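Trainee: Okay, structure incoming, though there's no sequence with it:
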């Protein structure tokens, strides 16, 4: 799937986000190493620690379907000035070998990052 289509899928997932506290509606679409895609949105909770980011939800859906390698993660957000993945999401992305992160910039297009640009020195065991 091309980058623009991944972003469109992330935007569709964003429409389902549950973000009554922050107002930050986020959708993500991941493409596995075999080319399958999985989408998810962020789901907030009054107890913020129980909130799940769209990126992790989409990756976990792919893992639950049997995938262990994610090639790309596309992110589309509304209500955020700079919709970059948080540290927890980056660490999960590292666990599943993400190579590229795509960020929807609306009218400004799509930013594409090599994963190592975003997390150059990840935690490893």
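Mentor: Yep, it's here. Please read these numbers as outputs of a predicted model, since none were measured by experiment. Numbering: from 1, shown residues only.
Trainee: quick one, strands of the protein?
Mentor: For the chain, the strands defined by DSSP state E occupy 25-32, 37-41, 70-78, 100-104, 110-114.
Trainee: Buried deepest among the ones you listed, which one?
Mentor: strand 25-32 (a mean of 27; mean count of other Cβ atoms under 10 Å). C-betas here are computed from N, CA, C, even on glycine.
Trainee: so what strands line up beside that strand?
Mentor: If you go by DSSP bridges, strand 25-32 pairs up with strand 37-41 (antiparallel), strand 70-78 (antiparallel).
Trainee: Next up, the contacts around the most centrally placed residue in the chain.
Mentor: For the chain, residue 55 is the residue whose C-alpha lies nearest the centre (Cα atoms, centre = their mean; 2.8 Å). Shown in contact with residue 55 (Cβ atoms under 8 Å, 6 or more residues apart in numbering): 26, 28, 30, 73, 75, 85, 89, 92, 93.
Trainee: Tabulate those residues (JSON lines), appending pLDDT and distance to residue 101.
Mentor: As requested, the contacts of residue 55 are arranged in JSON lines below (pLDDT from 0 to 100; distance: Cβ to Cβ, whole Å):
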{"residue": "26", "pLDDT": "98", "distance to residue 101": "13"}
{"residue": "28", "pLDDT": "98", "distance to residue 101": "10"}
{"residue": "30", "pLDDT": "98", "distance to residue 101": "10"}
{"residue": "73", "pLDDT": "98", "distance to residue 101": "5"}
{"residue": "75", "pLDDT": "98", "distance to residue 101": "7"}
{"residue": "85", "pLDDT": "96", "distance to residue 101": "7"}
{"residue": "89", "pLDDT": "97", "distance to residue 101": "9"}
{"residue": "92", "pLDDT": "97", "distance to residue 101": "12"}
{"residue": "93", "pLDDT": "97", "distance to residue 101": "7"}
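Trainee: How about the contacts made by residue 22?
Mentor: Applying Cβ under 8 Å, 6+ apart, we find residue 22 in contact with 44, 79.
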